[in-house]
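> generate coordinates for the sequence data below:
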Amino acid sequence: MSYQLEKIIIGCFAAFVPKGTVIGENTVDSGFYPEDEEDLDNWKTLGCVLDSSFEAVNEPGEPDYCPDSVNGGYYKEEENNIVKDIIKMTLKCSSEMFWQLAWGMKTAPVDGTPVTPFADKLRAVEGWLNFEQRDQNNVKKVMAVVYGRFSLDAAPSWTKDRTKPAFRFEVIPSPIASVEPKNIAAA
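Numbers count the residues shown, from 1 in each chain. Next up, the predicted model:
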């Protein structure tokens with residue numbers, strides 16, 4: 001038995017539904033998301049993800065001192081505890097969420113409606129991320145639905161170059177979050 005080995009290019013697509021969105025009789029929060037993750041009727045697309053990476057933030061635990069039966073004395077055994085998981089991504093296009101976070105708006109912008117800039121000190125939008133990875137033949141490899149908090153990782157500078165906003169999504173644990181592998185495991 002061996003692993004399923006393949007040379008692939010992973011492309012990503014992302015969609016988001018903010019906390020507080022009302023869908024039918026339900027309100028989106030850490031315990032409810034729209035279950036149409038395949039057709040995305042109730043999700044706001046974030047479009048093509050140019051690059052993405054995962055980051056685990058570690059915090060050292062309390063060290064244990066154990067007897068060393070070979071050399072005598074004691075040795076120090078340390079554990080690292082993962083305290084948060086982060087998905088970083090750079091998007092091809094900006095969206096209302098980019099403008100909301102860049103200008104610190106408390107709500108998503110509405111054309112023609114003035115709002116107070118930099119009023120949201122948290123500079124984050126909480127909700128569900130639908131994250132889909134595909135190979136070079138457009139075959140789905142992984143579909144994930146996770147709850148968390150979006151913020152800007154790096155606001156692009158205003159230059160002649162096309163804007164490619166970079167986001168960080170800090171995962172907030174939810175018992176209904178899921179990741180579904182597709183076409184990646186050996187039979």
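> hey, C-alpha coordinates of the lowest-mean-pLDDT helix or strand in the chain in CSV?
Counting by mean pLDDT, DSSP states H and E, the weakest-scoring helix or strand in the chain turns out to be strand 74-77, with a mean of 78. Taking Å, rounded to 0.1, in the frame of the first residue of the first chain, the C-alpha atoms of strand 74-77 are listed here in CSV:
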residue,chain,number,x,y,z
TYR,A,74,17.2,14.9,34.2
TYR,A,75,16.3,16.1,30.8
LYS,A,76,13.8,18.8,29.9
GLU,A,77,10.8,17.8,27.7
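> check which element follows that strand along the chain.
Counting by DSSP states H and E, the next helix or strand C-terminal to strand 74-77 is strand 80-91.
> what residues of that next one count as buried?
D85, I86, I87, M89, T90, L91 (16 or more other Cβ atoms under 10 Å). (C-beta placed from N, C-alpha, C; glycine too.)
> what's the first helix or strand after that strand?
Using DSSP H and E, the helix or strand that follows strand 80-91 in sequence is helix 96-102.
> mean confidence (pLDDT) on that next one, please.
Across helix 96-102, pLDDT averages out at 90.
> which neighbours does the very next helix or strand once past it have in its sheet, and in what orientation?
Downstream of helix 96-102, the next assigned helix or strand under DSSP H and E is strand 125-134. Within its sheet, and counting by DSSP bridges, strand 125-134 is paired with strand 11-18 (antiparallel), strand 140-154 (antiparallel).
> who does the longest strand seen in the chain touch, helix- and strand-wise?
Identified as the longest strand of the chain according to DSSP state E is strand 44-60. Judged by 3 or more Cβ pairs under 8 Å, 6 or more residues apart in numbering; DSSP states H and E, the packing partners of strand 44-60 are strand 11-18, strand 80-91, helix 96-102.
> what residues does the very next helix or strand once past it touch?
Next helix or strand after strand 44-60 toward the C-terminus (DSSP H and E): strand 64-67. The contact list for strand 64-67 (Cβ atoms under 8 Å, 6 or more residues apart in numbering) reads G73, Y74, Y75, K76, E77, E78, E79.
> over to stretch 178-187?
Against stretch 178-187 from outside (Cβ under 8 Å, 6+ apart): 1-4, 135, 139-146.
> how many neighbouring residues does the residue nearest to E62 when sequence neighbours are not counted have?
In space, and not counting its chain neighbours, E62 is closest to E79: 7.9 Å by Cβ to Cβ, 6 or more residues apart in numbering. Residues contacting E79 under the criterion other Cβ atoms under 10 Å number 11.
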